[in-house]
Structure formats: structure tokens, C-alpha cells
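A.B. asks: Sequence plus predicted model, see below.
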Amino acid sequence: MLLSRAVSRFRRMPTVLAVAAAAATPILAAEHRPGGEVNLTLPDLRQGDFLGLDGHRLLLFGLVMCGLGLLFGLMTYLKVRRLPAHRAMREVSELIYTTCKTYLLQQGKLLLVLELFIGAVIVAYFWMTGFAAFKIAIILLFSLIGMAGSYGVAWYGIRINTLANSRTAFASLQGRAFPVHEIPLRAGMSVGMMLISVELLFMLGILLFIPRDYAGPCFLGFAIGESLGAAALRIAGGIFTKIADIG
């Protein structure tokens, strides 16, 4: 008897699976939308309660923190620049910075050429998937913004480290270990803080000031530009390796 029941249930299993698959097919078809993250629609950020603050006010507080991070980077830059250094050491630093500027300008031209190819792929893909021209333009615009953020932080890192190297060399003449360790560390901390602050500032700007329906294209374009900028600057010469060497 138990065997017959088991056989009966086993025979009914394909029917059950077929019904479940048929029920799930419309749901899966409705959820599939080409474009990925570009379809992201943000919830209302004024909902929720975080220690008496809604999401919108909490992110506004994040803008303040980004501003403090940028201020920290600026103050560190000015402090490192005011440190003493021998005239010959300063000349060497400026010579290194001049060559780095040449490199950065060349890489900037390369990034723009790469952006033309990537932009063409973006336009072709999203045009074929039926996206509006305005959304495609937003993706392209924010890809340029993301690339500019990555490029600007790389330039700042080169500048502060070419200042720090001469100051570190001059401090080593005093025979004290702490300044030799502290100056490069301070310069490196400022680069990291500037990087985080700039990226978060752009992202918070998208969350707070861009309509919710357009946040997806903005984030997608920003991510493409940032990734392209960082990858090209690393592969085509090792910008961050150069920063470490200079420091």
C-alpha cells in the first residue's frame, strides 16, 4: 500500500513541476529587462528612521563628511608643501613632476580615445535594447564625470608625492627616523582620503539630487568611467606604482 502511494506521487510529480514552471514563467519574463543596473529605481529616501534622521538627511550629513575629507586633503597638501627642503632637492622634485605631467597629459588623451570606443558600444547596446536617447546621454555624461574623478585623484597623488619626496629626503639629513616615516605616510593618507571623498561626493550627489528614475543610468555611467580611468591609468604605465616609487 505504501509502495502504491509512493508510485502515485512520483507519477504526479511531472504534472506538479509543469504547473509550477508555467506559473513562474510570466514572473521571470516580467522581471527580465535588458540593461542591468540601468533599470535601477531608488526608493523614497525620506522613508526610514536612523536615530531620528530619515535617509535623505542622513545622506546630507554624508556630504558634510565628504567636505571634511576634501578639507583634510587640502590641509595636508599645504602642510607638506610648507615643509623645508634643500633647493637642489626641490629642483629634482619639480623635474620629476614635470615628467609626470607629460605622462598624465598623454594618458588623458588616451582616455578620451578609449571613451570614444566605449561610448560607441554604450550607444549601440542601449539603442538596440530600446532605451531613450536621453538616458543614453546621461550614461555617457556620467562616464565622463567618473573618468574625470579618477584622473583628478591620480593627478593630485602625483603632485603631493613629488612634494613629499624632497621633504622626506631633506628630513633624513637630520638623522631622525620619525619624520622620514611620517611625511610619506601623511601624503599617502591624503591621497586615500581625497579618493574616497571625491567618489562618495559624486555618488551622494546622484542619490540626493538626481530623480530616482534616472539614478540607475547615472550610477552605471559613473562606474564605467571610473573603472575605465583607473584601468587605463594602471595598465598604460602604472600610475599608482609611480606614486609609490615617487613617494
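C.D. replies: The structure has been received and is ready for your questions. Numbers count the residues shown, from 1 in each chain.
A.B. asks: State the distance from Leu140 to Tyr214.
C.D. replies: Using Cβ to Cβ, to the nearest Å, Leu140 is found at 13 Å from Tyr214. No exception for glycine: its C-beta is placed from N, CA and C like everyone else's.
A.B. asks: just checking, what packs against the longest helix anywhere in the chain?
C.D. replies: Using DSSP state H, we find that the single longest helix of the chain is helix 87-128. Secondary-structure packing of helix 87-128 (3 or more Cβ pairs under 8 Å, 6 or more residues apart in numbering; DSSP states H and E): helix 133-172, helix 215-235, helix 239-246.
A.B. asks: Export these as CSV, with columns for mean neighbour count and distance to His86.
C.D. replies: Below are those laid out as CSV (neighbours: other Cβ atoms under 10 Å; distance: least, Cβ to Cβ, whole Å):
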stretch, mean neighbour count, distance to His86
helix 133-172, 20, 5
helix 215-235, 21, 31
helix 239-246, 16, 17
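A.B. asks: Of the ones you listed, give the one that comes closest to Tyr125.
C.D. replies: With Cβ to Cβ as the criterion, Tyr125 lies closest to helix 133-172 of the helices and strands packed on helix 87-128, at 9.2 Å.
A.B. asks: any idea which helix or strand comes after the closest one?
C.D. replies: Under the assignment DSSP states H and E, the closest C-terminal helix or strand after helix 133-172 is helix 177-209.
A.B. asks: Tell me which residues touch the closest residue to Arg167 other than its chain neighbours, please.
C.D. replies: Distances taken as Cβ to Cβ, 6 or more residues apart in numbering place Leu83 nearest to Arg167, at 4.1 Å, with adjacent residues excluded. Under the criterion of Cβ atoms under 8 Å, 6 or more residues apart in numbering, the neighbours of Leu83 are 167, 170-171, 183.
A.B. asks: Now tell me which helix or strand of this protein has the poorest mean pLDDT.
C.D. replies: helix 2-31 (a mean of 44; mean pLDDT, DSSP states H and E).
A.B. asks: any idea of the angle whichever helix or strand comes after that one forms with helix 133-172?
C.D. replies: Remark: after helix 2-31, the chain's next helix or strand is helix 55-82, criterion DSSP H and E. If you take axes from the mean of the first three to the mean of the last three Cα atoms, to 10 degrees, helix 55-82 sits at 40 degrees to helix 133-172.
A.B. asks: Remind me what helix 55-82 packs against, helices and strands.
C.D. replies: Partner elements for helix 55-82 (3+ Cβ pairs under 8 Å, 6+ apart): helix 133-172, helix 177-209.
A.B. asks: Can you report phi and psi for Pro84?
C.D. replies: phi -70, psi 150 (degrees, to the nearest 10).
A.B. asks: hang on, Leu58 packs against Gln47?
C.D. replies: No - applying Cβ atoms under 8 Å, one finds Leu58 not in contact with Gln47, separated by 11.5 Å.
A.B. asks: rewinding a little: between which two of the contacts of Leu83 is the distance greatest?
C.D. replies: Across those (Cβ to Cβ), the longest gap, 9.4 Å, separates Phe170 and Ile183.
A.B. asks: burial measure for Ser197, as a count.
C.D. replies: 20 (other Cβ atoms under 10 Å).
A.B. asks: Could you number the chain from 49 rather than 1 from now on?
C.D. replies: Got it, the first residue is 49 from now on, which makes the last one we talked about Ser245.
A.B. asks: Tell me where the protein is predicted with low confidence.
C.D. replies: Residues of the chain meeting the criterion pLDDT under 70: 49-87, 281-295.
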